[in-house]
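Participant: Predicted model follows, preceded by the sequence.
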Amino acid sequence: MDRKWPFDASVLMAVAFAVCGSLTATAAFAAEPWPARSVRVIVPHPAGGSVDAVARIVIRKLADVLGKPFIVENRGGANGNIGAAAAASAPSDGYKALAVATLNRTAILPEAATLAERGMPKFEAVGWTALLGPAGLAPETIGTITRIVNEFLVTDEGKSALLNFGMEPLGGTPEDLAGFMASELTKWRPVAEKLTPE
């Protein structure tokens with residue numbers, strides 16, 4: 001059976017945060033600057049967990065900078081797949097959107113040796129959290145969100161907020177995230193296929 005996502009990233013430990021918008025944006029929908037009204041952000045996990053908490057920190061920064069309310073809509077269930085599906089099928093007007101073991105030592109446990117250092121140089125299993133939008137999201141909207149979140153992630157406030165939840169801020173471009181997601185699919189597909197019942 002061919003699956004778009006052959007594994008569930010939510011079961012992995014979150015140690016990095018990346019941001020991107022839709023990678024297939026084709027047209028700007030708004031004649032008015034975005035956002036002109038409140039934005040609903042779907043978090044595919046229940047309220048109170050680390051993904052929800054980090055999403056709220058980043059969303060609060062977007063609201064502060066852009067001067068419009070960003071409203072969290074928790075849609076937990078099916079290990080995040082219900083919320084992910086809702087975000088993927090949302091209108092591409094920019095008013096509803098979705099809310100990563102490492103090869104290098106982590107700032108969270110700098111004294112802990114990696115498996116690569118212990119003789120398994122190709123072993124890497126990392127959880128990750130990303131900010132995504134539906135296909136067709138305006139490039140201007142993607143650029144605005146990417147800029148604000150990336151700027152926040154390099155501040156002491158942003159770093160501290162994520163480290164409190166065991167995450168390391170990463171940031172980057174939509175293209176960076178697309179490449180990372182593609183590599184994760186390639187890496188984990190064989191594992192998922194072995195674990196998937198016939």
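Facilitator: Perfect, thanks for sending it.

Participant: where does the closest residue to residue 84 other than its chain neighbours land on pLDDT?
Facilitator: Among residues not flanking residue 84 along the chain, residue 44 sits closest, at 5.1 Å (CB to CB, 6 or more residues apart in numbering). C-betas here are computed from N, CA, C, even on glycine. On pLDDT, residue 44 comes in at 86.

Participant: Thought residue 80 was touching residue 44, still the case?
Facilitator: Yes: the criterion here is CB atoms under 8 Å, and residue 44 meets it with residue 80 at 3.9 Å.

Participant: Specify which residues of the protein, grouped into ranges, have pLDDT under the cut-off.
Facilitator: Residues of the chain that meet the criterion pLDDT under 70 lie in 1-31, 98-126, 198.

Participant: quick one, which of residue 44 and residue 80 is more surrounded?
Facilitator: Each of residue 44 and residue 80 has its neighbours counted (other CB atoms under 10 Å); residue 44 has more, 25 against 20.

Participant: now the strands: where do they sit in this structure?
Facilitator: In the chain, the strands defined using DSSP state E lie at 14-19, 39-43, 70-74, 96-98, 127-131, 168-169.

Participant: Give me the neighbour count for residue 127.
Facilitator: 18.

Participant: What of the one 4 residues further on?
Facilitator: A count of nearby residues for residue 131, using other CB under 10 Å, gives 22.

Participant: That one touches residue 148, doesn't it?
Facilitator: No: Residue 131 lies out of contact with residue 148 (CB under 8 Å); the separation is 10.5 Å.

Participant: didn't residue 89 look like it was pressed against residue 133?
Facilitator: No: contact between residue 89 and residue 133 fails when scored by CB under 8 Å: they sit 12.0 Å apart.

Participant: Among the strands of the chain, which comes closest to residue 155?
Facilitator: strand 168-169 (9.2 Å; CB to CB).

Participant: which strands and helices sit next to the closest one?
Facilitator: strand 14-19, helix 156-163 (3 or more CB pairs under 8 Å, 6 or more residues apart in numbering; DSSP states H and E).

Participant: Walk me through which strands that strand pairs with, and which way each runs.
Facilitator: Using DSSP bridges, the strands paired with strand 168-169 in its sheet are strand 14-19 (parallel).

Participant: What segments of the chain are helices?
Facilitator: With DSSP state H as the criterion, the chain has helices at 50-66, 81-88, 139-153, 156-163, 174-195.

Participant: Pick out whichever of residue 89 and residue 133 has more residues nearby.
Facilitator: Between residue 89 and residue 133, counted using other CB under 10 Å, residue 133 has the larger neighbour count: 26 against 10.

Participant: Residue 160: how many residues sit nearby?
Facilitator: For residue 160, using other CB under 10 Å, the count is 11.

Participant: does residue 130 really touch residue 176, like I thought?
Facilitator: No: proximity of residue 130 to residue 176 does not meet the contact threshold set by CB under 8 Å, at 10.3 Å.
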